[in-house]
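>>> Give me a model of this one.
(one chain, ligands or ions: 3)
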Amino acid sequence: MADVLQKVVEESRQGEAYAPFEGDPNEFKKKFYIESYGCQMNFSDSEIVASILHAEGFGATRNFEEADLVLLNTCSIREKAEQTVRNRLQTFRKTKENKPGLMIGVLGCMAERLKAKFLEEEKLVDIVVGPDAYRSLPGLITEAEGGQKSVNVLLSRDETYADIAPVRLDSNGVTAFVSIMRGCNNMCTFCVVPFTRGRERSRDAESIVNECRDLFDRGFREVTLLGQNVDSYYHSPVDGETVNFALLLEKVALIDPLLRVRFSTSHPKDITDDVLHTMAKYHNICKYIHLPVQSGNTRILNLMNRTYTREWYLNKVKRIREIMPDCGLSTDVISGFCTETEEEHQDTLSVMELSRFDMAYMFSYSERPGTLAARRYEDDIAEDVKKRRLIEIINLQNNHSRESYTSDIGKSFEVLIEGSSKKSDADWCGRNSQNKMVVFRKNDQPLKKGDYINVKVTSATSATLLGEIV
Ligand code: SAH
Ligand code: SF4
Ligand code: F3S
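Numbering: from 1, shown residues only. Ligands and ions are numbered 1, 2, ... in the order given. From the prediction side, this is the model:
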């Protein structure tokens with residue numbers, strides 16, 4: 001049971017991204033295949049990489065066996081994420097044995113963490129490229145074609161890829177992710193991201209707004225603004241307007257009332273009343289916040305260097321609900337961080353009781369080499385204790401999710417149609433403003449992807465609302 005739950009949790013944050021051929025496949029001289037793991041930033045980066053490769057005459061394929069270049073965009077957040085990538089590389093080993101010309105590249109956070117060591121550890125890898133070095137891919141590919149293994153893992157203080165128009169991979173044509181900043185300055189002690197993604201930098205506001213407007217003009221109806229800590233977005237050009245996150249949200253919301261705006265992820269210490277009031281002011285800014293708590297105990301939060309206390313977090317939740325009573329709320333939780341006692345674990349459960357999250361991503365602590373926690377603290381909670389605590393957290397969250405979803409029965413929501421339901425072509429699916437998935441009968445109404453429709457909820461599971469068109 002525990003393993004099954006853990007698997008569900010891990011898989012909820014990883015997957016594969018493909019791009020179908022656009023236009024005539026013969027127009028491309030070579031083909032690439034890309035798979036992405038980890039957070040939405042990685043999926044978004046794969047779209048930048050696809051754009052860079054397109055310009056080099058590479059077309060995308062969904063079938064790695066017909067690719068000339070196989071790329072894995074990797075994640076280092078937990079040991080398991082890295083193991084998944086290593087297993088996947090074994091699959092490609094066989095393909096490469098039959099096709100010696102096949103080039104294999106590793107991108108993303110694991111590339112950055114392991115650098116040239118990757119080439120020694122995984123002999124079949126030809127190219128290793130870190131998150132800030134994707135512009136150098138064409139040169140690295142040329143070197144690799146010449147038989148030379150190549151690495152570029154330089155982190156940058158200013159790279160934001162602002163001028164590269166992403167090629168939307170595996171898109172539903174309705175929702176898209178737009179990266180607004182890169183890196184992270186927060187130094188949470190458990191976290192590898194500051195080491196793999198470097199210093200925080202914000203992308204210029206005008207290029208963000210232009211990208212969102214262009215998406216809207218092409219029929220997209222929802223953008224999610226992405227960053228590790230979106231609330232610290234800050235762009236201040238010498239000759240232009242200073243834009244903070246609240247102002248950026250407003251600028252994107254003003255593109256068109258029919259364009260929904262979401263964002264991820266917020267850090268509890270940085271989300272301001274200004275942001276909350278901006279959210280409340282615009283109907284098209286979705287009433288949903290992902291606010292990772294990590295732990296409900298102040299001593300553990302301090303060891304994690306989260307820079308807020310249990311009370312501060314609970315106050316933020318209160319403030320969100322005061323300003324937006326209908327706001328959806330989700331979180332991330334880590335069980336079994338270094339030295340966590342049973343009582344401190346109970347504090348996490350009680351913070352969940354008090355906050356009543358609609359949804360959560362839940363993990364057991366995984367020590368990452370080089371992080372502050374790995375250097376300072378002993379990873380002293382036994383694996384079975386971490387797992388048991390995680391199961392208690394997951395069980396409690398399942399109850400809360402079920403309660404949250406069933407309490408929506410009888411309510412009506414505006415839903416943005418994303419496409420046919422995965423289970424049945426007779427149903428549409430889409431999200432409400434609170435980010436809950438809603439499934440409902442098509443009923444021969446003349447609707448299409450990208451339309452808004454009011455749906456009344458008639459029943460619910462702990463992850464989906466079922467309803468009918470009002
Ligand atoms: N920038 C985001 C989170 C990015 S990582 C934020 O600060 O909220 C996504 C989640 O992975 C984190 O919120 C945390 O819950 C989890 N995580 C990160 N490092 C971890 C580790 N070493 N072990 C277990 N979970 C971890
Ligand atoms: Fe990691 Fe903390 Fe930065 Fe999030 S805010 S990416 S958890 S260091
Ligand atoms: Fe993973 Fe890197 Fe994202 S470590 S979670 S892919 S920033």
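
>>> residues contacting the residue nearest to M181 when sequence neighbours are not counted?
Distances taken as C-beta to C-beta, 6 or more residues apart in numbering put G227 closest to M181, at 3.9 Å, once the chain neighbours are dropped. Quick note: C-beta positions are derived from backbone N, CA and C, even for glycine. Applying C-beta atoms under 8 Å, 6 or more residues apart in numbering, we find G227 in contact with 41, 179-182, 233, 263-265.

>>> what does this protein put close to ligand 2?
184, 186-188, 191, 193-194, 228-229, 267 (C-beta under 6 Å from any ligand atom).

>>> where are the low-confidence patches of the chain?
For the chain, residues meeting the criterion pLDDT under 70 lie at 1-26.

>>> Name the single longest helix found in it.
helix 383-406 (DSSP state H).

>>> Check which helix or strand P369 maps to.
Under the criterion DSSP states H and E, no helix or strand holds P369.

>>> on that earlier part again, give me the buried stretch members for the longest helix of the chain, please.
By 16 or more other C-beta atoms under 10 Å, the buried positions in helix 383-406 come out as 385-394, 396-397, 400-401, 404-405.

>>> just how off-centre is stretch 339-352 within its chain?
Here stretch 339-352 is found 26 Å from its chain centre; the criterion is C-alpha atoms, centre = their mean, to the nearest Å.

>>> all helices of the stretch 201-350 of the chain, in order?
Using DSSP state H, counting those that start in this stretch, the helices of the stretch 201-350 of the chain run over 205-217, 245-253, 273-281, 298-303, 310-323, 342-355.

>>> Quick check: which of those helices is buried the most?
A comparison of the helices of the stretch 201-350 of the chain by mean neighbour count, using mean count of other C-beta atoms under 10 Å, puts helix 245-253 on top with a mean of 22.

>>> CA atoms only: put that one into CSV for me.
Taking C-alpha atoms only, helix 245-253 is exported to CSV below (Å, rounded to 0.1, in the frame of the first residue of the first chain):
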residue,chain,number,x,y,z
PHE,A,245,4.7,40.0,-9.1
ALA,A,246,1.4,41.7,-8.2
LEU,A,247,1.9,44.1,-11.1
LEU,A,248,2.9,41.3,-13.5
LEU,A,249,-0.2,39.4,-12.6
GLU,A,250,-2.3,42.4,-13.3
LYS,A,251,-0.6,43.1,-16.7
VAL,A,252,-1.3,39.5,-17.8
ALA,A,253,-4.8,39.6,-16.5
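
>>> Could you figure out how far that helix is turned away from helix 205-217?
30 degrees (axes from the mean of the first three to the mean of the last three C-alpha atoms, to 10 degrees).

>>> can you confirm G38 is in a helix?
No - the assignment for G38, made by DSSP: H, G, I helix; E, B strand; the rest coil, is coil rather than a helix.

>>> how many neighbours does the residue in the stretch 301-450 of the chain positioned nearest to ligand 1 have?
Across the stretch 301-450 of the chain, the shortest distance to ligand 1 (C-beta to the nearest ligand atom) belongs to D332, at 3.4 Å. By the criterion of other C-beta atoms under 10 Å, D332 has 16 neighbours.

>>> before we move on, what about the one 5 residues further on?
Burial measure for F337: 27 neighbouring residues, criterion other C-beta under 10 Å.

>>> and the nearest residue to it once chain neighbours are set aside, what does it touch?
Residue nearest to F337 in three dimensions, not counting chain neighbours: Y365, with 4.8 Å by C-beta to C-beta, 6+ apart. By C-beta under 8 Å, 6+ apart, Y365 lies in contact with 190, 334-338, 379, 381, 386.

>>> Return the distance of Y365 relative to R197.
20 Å (C-beta to C-beta, to the nearest Å).

>>> Could you do C429 as well?
32 Å.

>>> Which one of the two is surrounded by more residues?
Comparing C429 with R197 by other C-beta under 10 Å, the one with more neighbours is R197, at 21 against 18.

>>> So the more buried one sits against N186, correct?
No - contact status for R197 versus N186: not in contact, 11.1 Å apart, counting by C-beta atoms under 8 Å.

>>> tell me, what's touching those two both at once?
In terms of C-beta under 8 Å, 6+ apart, R197 and N186 are both contacted by the residues Q228.

>>> and the longest helix of the chain, what other elements does it pack with?
helix 2-11, strand 328-335, helix 342-355, strand 359-364, strand 452-460 (3 or more C-beta pairs under 8 Å, 6 or more residues apart in numbering; DSSP states H and E).

>>> Quick one: closest of these to K318.
helix 342-355 (9.3 Å; C-beta to C-beta).

>>> does ligand 1 sit close to that closest one?
No - for helix 342-355, no contact with ligand 1 is found by C-beta under 6 Å from any ligand atom; the gap never falls below 11.7 Å.

>>> related to what we said a few turns ago, the residue nearest to F337 and I381: what is the separation?
7 Å.

>>> what residues do these two have in common as contacts?
Common neighbours of Y365 and I381 (C-beta under 8 Å, 6+ apart) are 336-338.

>>> Out of those residues, which is nearest to ligand 3?
Looking across those and measuring by C-beta to the nearest ligand atom, the closest to ligand 3 is F337, at 17.4 Å.

>>> ok, that closest one - contacts?
190, 294-295, 300, 303-304, 365, 373, 381.

>>> can you list the residues you listed in CSV and add distance to ligand 3?
As requested, these are exported to CSV (distance: C-beta to the nearest ligand atom, whole Å):
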residue, distance to ligand 3
F190, 12
Q294, 14
S295, 19
I300, 21
L303, 21
M304, 16
Y365, 15
A373, 15
I381, 22
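
>>> The residues you listed: which ones sit near ligand 1?
Okay, of those touching ligand 1 (C-beta under 6 Å from any ligand atom), that's 190, 294, 365.

>>> OK, contacts around the second one?
The contact partners of Q294, taken as C-beta under 8 Å, 6+ apart, are 188, 190, 300-301, 304, 306, 332-334, 337.
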